[in-house]
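A.B. asks: got a predicted model here, sequence first, then my questions.
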Amino acid sequence: MAINLQKGQRINLTKENGTALTQACVGINWGAIEKKGFFGGVTREAVDLDGSCILYDSNKNSTEVIYFGNLKSKNGSVKHSGDDLTGDVNGDDGLDNEVITIDFSQLDASVEHVALVLNSYRGQDFGTIPFASIRIYEGTPTNVREVFAKYDIANDASFKGHVAMVMGVFYKRNGEWKFNAIGDPTADRKLEETIKTVQQKYL
């Protein structure tokens, strides 16, 4: 059974069979903004959200950023599925718009924190997006084997007026990887600012 994560919840990456999760996909799904037309119809405005993954060492220095402009970490342990510029225009199709795949066993030994952030590229307010969710699962972007945790980030008043958020942080403790579901909006406008915010507040 997948865990429905709450803000600030910390979980161990242990599968149903008791073994540790060594590889995870983080899928992000969101919808286009619905606007009422003059004659009662509904138009949909494409939403360009960008999921990014930042690797930090034990000194909290960022060592690599994997995002739409850099789809793979140097050693291939983190991969990004590519930029989705629209979101689900015809309602929720149940599929992820962007997927970040992390192989914990292949991460550079110096990496102790793997942060996941979401930025609204065109500055569209999170409060206007009809649905947005994150799920952590084992598998590949096209083959979901076991959903580990789910996280609904829409319908939360705290996101209104914000265009950036920290989704969560994987962190290494005593050689084991754990996950902190943060889900906090930030005042940042750009990814570069969010990288610093994570460094200062969430590691």
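C.D. replies: Arrived safely.

A.B. asks: in three-state terms, label Gly127 for me.
C.D. replies: State at Gly127, reduced to three classes by DSSP: H, G, I helix; E, B strand; the rest coil: helix.

A.B. asks: tell me how many other residues surround it.
C.D. replies: Gly127 has 16 neighbours, counted by other Cβ atoms under 10 Å. Any C-beta I mention is one placed from the backbone N, CA and C, and that applies to glycine too.

A.B. asks: give me the number of residues near the nearest residue to it once chain neighbours are set aside?
C.D. replies: Excluding the flanking residues, the one nearest Gly127 by Cβ to Cβ, 6 or more residues apart in numbering is Lys160, at 3.1 Å. Lys160 is flanked by 11 other residues according to other Cβ under 10 Å.

A.B. asks: quick one: residues contacting Lys160.
C.D. replies: Asp125, Phe126, Gly127 (Cβ atoms under 8 Å, 6 or more residues apart in numbering).

A.B. asks: got the residues you listed as a markdown table, with pLDDT and distance to Tyr202 columns?
C.D. replies: Output for those, formatted as a markdown table (pLDDT from 0 to 100; distance: Cβ to Cβ, whole Å):
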| residue | pLDDT | distance to Tyr202 |
| --- | --- | --- |
| Asp125 | 87 | 22 |
| Phe126 | 87 | 18 |
| Gly127 | 86 | 22 |
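
A.B. asks: quick check, nearest of these to Thr22?
C.D. replies: Phe126 (31.9 Å; Cβ to Cβ).

A.B. asks: ok, the closest one touching Val163?
C.D. replies: Yes: Phe126 sits in contact with Val163 when judged by Cβ atoms under 8 Å, with a separation of 6.7 Å.

A.B. asks: what residues are shared contacts of the two?
C.D. replies: Joint contacts of Phe126 and Val163 (Cβ under 8 Å, 6+ apart) are Ser120.

A.B. asks: gap between the residue nearest to Gly127 and Leu118?
C.D. replies: 15 Å (Cβ to Cβ, to the nearest Å).

A.B. asks: in its sheet, which strands sit next to the lowest-mean-pLDDT helix or strand in the chain, and in what direction?
C.D. replies: In the chain, no helix or strand scores lower on mean pLDDT, DSSP states H and E than strand 3-4, which sits at a mean of 74. Strand pairing for strand 3-4, using DSSP bridges, gives strand 143-152 (parallel).

A.B. asks: quick check: buried residues in the strand it pairs with?
C.D. replies: Residues Val144, Val147, Phe148, Ala149, Tyr151 are the ones in strand 143-152 that count as buried (16 or more other Cβ atoms under 10 Å).
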